[in-house]
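**Student:** Sequence plus the predicted model coming up.
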Amino acid sequence: MGPLPKRKVSKSRRDRRRAHDALTLKHLVECESCGEYHIAHRVCPKCGAYRGEQVVEIEND
């Protein structure tokens with residue numbers, strides 16, 4: 001049998017511990033080619049450009 005807590009952890013103590021666990025929003029930047037917002041350091045999903053250069057062909061349906 002492993003170690004067990006001696007006392008119940010109160011809701012306030014539990015919530016204080018979890019105060020830093022919230023997810024943050026992705027850092028969005030404006031695409032140099034099309035002006036759409038996309039995640040920084042990633043290829044633009046709208047036009048397929050990265051740092052102003054076409055790197056992926058995007059099929060428009």
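**Tutor:** Looks like it arrived, so ask away.
**Student:** how close does the residue nearest to V43 when sequence neighbours are not counted sit to D21?
**Tutor:** Spatial nearest neighbour of V43, excluding adjacent residues (Cβ to Cβ, 6 or more residues apart in numbering): Y50 at 4.7 Å. From N, CA and C alone the C-beta is placed, and that goes for glycine too. Relative to D21, Y50 is positioned 32 Å away (Cβ to Cβ, to the nearest Å).
**Student:** who's more crowded, those two?
**Tutor:** Under the criterion of other Cβ atoms under 10 Å, the comparison of Y50 against D21 puts Y50 first, with 17 against 6.
**Student:** and the more buried one, what are its bridge partners?
**Tutor:** Beta-bridge pairing of Y50 under DSSP bridges involves E53.
**Student:** Just list the residues touching the spatially most central residue of the chain, thanks.
**Tutor:** Centrality entry for the chain: nearest residue to the mean C-alpha point is K26, 3.8 Å, by Cα atoms, centre = their mean. Going by Cβ atoms under 8 Å, 6 or more residues apart in numbering, K26 touches 39-40.
**Student:** so is it in a helix, a strand, or just coil?
**Tutor:** Classification of K26 using DSSP: H, G, I helix; E, B strand; the rest coil returns coil.
**Student:** And R17, by the same measure?
**Tutor:** R17 ends up helix, using three-state DSSP.
**Student:** how close does it get to Q54?
**Tutor:** From R17 to Q54 the distance is 47 Å (Cβ to Cβ).
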